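Chemist: with the input below, show me the fold.
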Amino acid sequence: MAAILALAGSNSSTSINFKLVRHTAALIQNHEVQMLNMSRYPFPIFSEDEEKQKGYSNSLIELKNDIANANALILSVNEHNGNPSAYFKNVLDWLSRLERKFLLDTKVLLMSTAPGKRGGIGALEVIQNLLPRFGAEIASTFSLPSFHENFNENGISDETLKKQHQVALDVFLETIK
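Modeler: Just a heads-up that it's a prediction; the model follows:
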């Protein structure tokens with residue numbers, strides 16, 4: 001049984017990416033899944049001055065430890081103007097200062113969703129290229145376009161997208177056996 005950490009790259013209390021993560025985690029059996037709601041993790045904008053003056057927050061150290069204790073990561077990134085949110089980029093900046101390879105040997109199911117037809121694919125592609133620098137292995141990816149049309153209280157409503165999501169999840173789970 002693997003320990004899986006599940007989170008969205010958004011600090012919004014109404015994050016649609018967190019809804020996708022919760023749905024995905026609910027489909028997993030025979031593994032321990034820890035959900036992290038990043039809206040509870042405020043971090044100042046990274047700067048070397050901030051780092052020198054105040055060091056690392058307890059929240060940052062706890063997040064790094066949660067990541068280190070996990071065998072795998074389910075992550076759904078939100079998109080702002082075609083890129084990952086400033087919040088999530090900031091989280092990565094802080095984590096990489098604590099330990100450059102903070103995702104070493106971590107298998108990742110990388111997802112994104114957005115209200116638009118591209119489904120946050122711009123942010124997904126940026127993060128897909130960035131995470132391996134920190135040691136991550138991207139096991140599979142999934143992008144859910146037009147969130148409000150394709151997702152409801154029961155999960156992904158479009159059958160084709162539902163199957164694509166399941167395939168991405170299955171590939172991810174196969175890598176952590």
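
Chemist: just the strands in this protein please.
Modeler: 3-8, 32-36, 72-77, 79-80, 83-84, 107-113, 137-144, 151-152, 155-156 (DSSP state E).

Chemist: need the ones you listed in a markdown table with mean neighbour count and mean pLDDT, can you?
Modeler: All C-beta spots, glycine's among them, are computed from the backbone N, C-alpha and C. Shown next, in a markdown table, are the strands of the chain (neighbours: other Cβ atoms under 10 Å; pLDDT from 0 to 100):
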| stretch | mean neighbour count | mean pLDDT |
| --- | --- | --- |
| strand 3-8 | 23 | 98 |
| strand 32-36 | 16 | 97 |
| strand 72-77 | 26 | 98 |
| strand 79-80 | 22 | 94 |
| strand 83-84 | 20 | 96 |
| strand 107-113 | 27 | 98 |
| strand 137-144 | 21 | 98 |
| strand 151-152 | 14 | 98 |
| strand 155-156 | 19 | 98 |
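
Chemist: a markdown table for these, including distance to Ser59?
Modeler: Shown next, in a markdown table, are these (distance: least, Cβ to Cβ, whole Å):
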| stretch | distance to Ser59 |
| --- | --- |
| strand 3-8 | 13 |
| strand 32-36 | 11 |
| strand 72-77 | 18 |
| strand 79-80 | 22 |
| strand 83-84 | 20 |
| strand 107-113 | 21 |
| strand 137-144 | 26 |
| strand 151-152 | 29 |
| strand 155-156 | 30 |
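
Chemist: looking at those, which is closest to Leu130?
Modeler: Leu130 lies closest to strand 83-84 among the strands of the chain, at 8.2 Å (Cβ to Cβ).

Chemist: so what touches that closest one?
Modeler: Here strand 83-84 makes contact (Cβ atoms under 8 Å, 6 or more residues apart in numbering) with Gly9, Val77, Asn78, Lys89, Gly122, Ala123, Val126, Ile127.

Chemist: do a quick rundown of the helices in the protein.
Modeler: 16-26, 48-54, 58-69, 86-98, 121-130, 147-150, 159-175 (DSSP state H).

Chemist: tell me the contacts of the nearest residue to Ile74 once chain neighbours are set aside?
Modeler: Among residues not flanking Ile74 along the chain, Ala6 sits closest, at 4.1 Å (Cβ to Cβ, 6 or more residues apart in numbering). Residues in contact with Ala6 (Cβ under 8 Å, 6+ apart) are Val21, Arg22, Thr24, Ala25, Val33, Gln34, Met35, Leu36, Leu73, Ile74, Leu75.

Chemist: go on, Ala72?
Modeler: Contacts of Ala72 (Cβ under 8 Å, 6+ apart): Ala2, Ala3, Ile4, Leu5, Thr106, Lys107, Val108, Leu109, Ala139, Phe172, Thr175, Ile176.

Chemist: surely the second one touches Ile67?
Modeler: No. The pair Ala3 and Ile67 does not pass the contact test of Cβ atoms under 8 Å, sitting 10.6 Å apart.
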